[in-house]
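**Student:** Output the structure for:
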Amino acid sequence: MLPTGNLKHLLQYKGAWWNYYEKNKGSIRPVVIDNIIKMLSCGDHIRGFASYACSNPNCSHTKRVPFTCKSRFCPSCGKKATSAWIKKQMDILPKTSWQHITFTMPNTLWEIFRINRHLVNELPRLAAKCVLSIAKNRNILPGIFVAPHTFGRDLKWNPHMHLSTTIGGIDDKNQWKTIFFKKKSLRNAWKYKIINLLRTHYKNNTLTLPQPLQQLYPDYSSFNKWLNSLYQKIWIIHCSKPSENPYHNVNYLGRYIKRPPIASSRLRHYDGTEVIFNFLNHKTANHENFHCSTEEFIERFIQHIPEKYFRLIRYYGFLANRNRKTYLPIVYAAINQQPKESFPLRFNHLMKRELGFDPLICILCNSKLYFVSISIGLNHQEIKKYHKNLALMKPCSA
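**Tutor:** Sure, this is the predicted structure:
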């Protein structure tokens, strides 16, 4: 049985990841291997560490704080990155009404986007354009951030976009105007943009169809006819009720964009053969246990590791990187809000807030610990040499 209910330990327990790797290493994406190695080496001395000593001259206590891997798919690092991201957004985002919108697509299209991962990179821009075009017709520039998700609650591949937008924006006179987005107009725009995206890439020979679709739609005419039939269907767009500040939206998205697609707390059982994890079934609105083999669980998990340099959060409107320096002061002035200075969240402050203790307090005499030195660890290419040792929980010498 899984000893600690931890995702990292699940991959190491009875050689789960190494067995999968040995069987499938010819087909595993390099970015997957890199992220798994980072996770397995997180907190290991081969990554290096910082040394601290007690400020009390009569106390000999010392402490080593190992360096972490910074991988989004590491549960520990993901939690820290999430808290830091949420704090930064709450310091920056204007305190006004926000609306959360979820853009989905028919499940018949999911496999196309899994095979053509480069297309997922275009989805946030298309979702944002649906909102921006409606706002532009009203002479309004809203603030938008989008998080692309590829996973469902049971870890299946399900590409969809989570978008949060201000219910309003600034006009050409730098005045704040209110606007509310309705799902009917958003749905039509979203359908058109997705279908047009697939048409364009098919024409440019930059689209690979799953084998069953290749046989059914061997040419552009038949493929376009199939797309037209999809356009006639109702696509689900969720528009939430407005919230008075961005905290709810930021907190909701933060749970997913900076963390693995499954939290360790949802793992219920693992005996080396079968994995059981809990998920919320949206159809029944009940929490259920999902049973699968170790290999299936790993496959479901690693398919959501994005390619290198894939941005997990995108900003548009007056929050776009090229715009925010100019427009944010105007937005603050328009809604009578004072900008808040943002400070980075230090690891000891995070530990104190999340776990209730300060890691820089001596456990023997309660005096302050002070920084002594840094021991540089191995770089990623060197750590990769210890892949097997890390996967099998064997010692690594550095």
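
**Student:** For Val120, report the pLDDT, please.
**Tutor:** For Val120, the pLDDT comes out at 95.

**Student:** Residues touching stretch 100-111, excluding its own?
**Tutor:** For stretch 100-111, the external contacting residues (C-beta atoms under 8 Å, 6 or more residues apart in numbering) are 123, 127, 130-131, 157-165, 181, 183, 186, 190, 194, 198, 210, 230, 233, 235-240, 243, 248-249, 252. Using the backbone N, CA and C atoms, a C-beta is placed for each residue, glycine as well.

**Student:** do that again at 7 Å, thanks
**Tutor:** Identification of contacts with stretch 100-111 by C-beta atoms under 7 Å, 6 or more residues apart in numbering yields 127, 157-165, 181, 186, 190, 194, 210, 230, 233, 235-240, 249.

**Student:** Start and end of that stretch, how far apart?
**Tutor:** End-to-end span of stretch 100-111 (C-alpha to C-alpha, to the nearest Å): 26 Å.

**Student:** buried ones in that stretch?
**Tutor:** Buried residues in stretch 100-111, defined by neighbour count with 16 or more other C-beta atoms under 10 Å: 100-105, 109-110.

**Student:** In three-state terms, label Lys63 for me.
**Tutor:** strand (DSSP: H, G, I helix; E, B strand; the rest coil).

**Student:** Any stretches of this protein with poor pLDDT?
**Tutor:** Low-confidence segments of the chain, defined by pLDDT under 70, span residues 1-5, 245, 247, 254-258, 342-356, 398.

**Student:** Strands along that one, start to end?
**Tutor:** Using DSSP state E, the strands of the chain run over residues 48-54, 62-66, 98-103, 143-151, 157-166, 169-170, 176-177, 237-239, 267-270, 274-281, 286-293, 314-317, 369-376.

**Student:** For Pro395, which of these is the nearest?
**Tutor:** Shortest distance between Pro395 and these, using C-beta to C-beta, is found for strand 62-66: 14.8 Å.

**Student:** and the closest one, what does it pack onto?
**Tutor:** strand 48-54 (3 or more C-beta pairs under 7 Å, 6 or more residues apart in numbering; DSSP states H and E).

**Student:** dump the residue contacts of Cys69.
**Tutor:** With contact set as C-beta under 7 Å, 6+ apart, Cys69 has these partners: 38-39, 41-42, 47, 77.

**Student:** and of these, the nearest to Gly152?
**Tutor:** Nearest member of the contacts of Cys69 to Gly152, counting by C-beta to C-beta, is Met39, at 21.9 Å.

**Student:** mind checking how far the closest one is from Trp176?
**Tutor:** Taking C-beta to C-beta, to the nearest Å as the measure, Met39 and Trp176 are separated by 44 Å.

**Student:** For the longest helix seen in the chain, buried residues please.
**Tutor:** For the chain, the helix with the greatest residue count under DSSP state H is helix 183-203. When neighbours are counted by 16+ other C-beta under 10 Å, the buried residues of helix 183-203 are found to be 183, 186-187, 189-191, 193-195, 197-198, 201-202.
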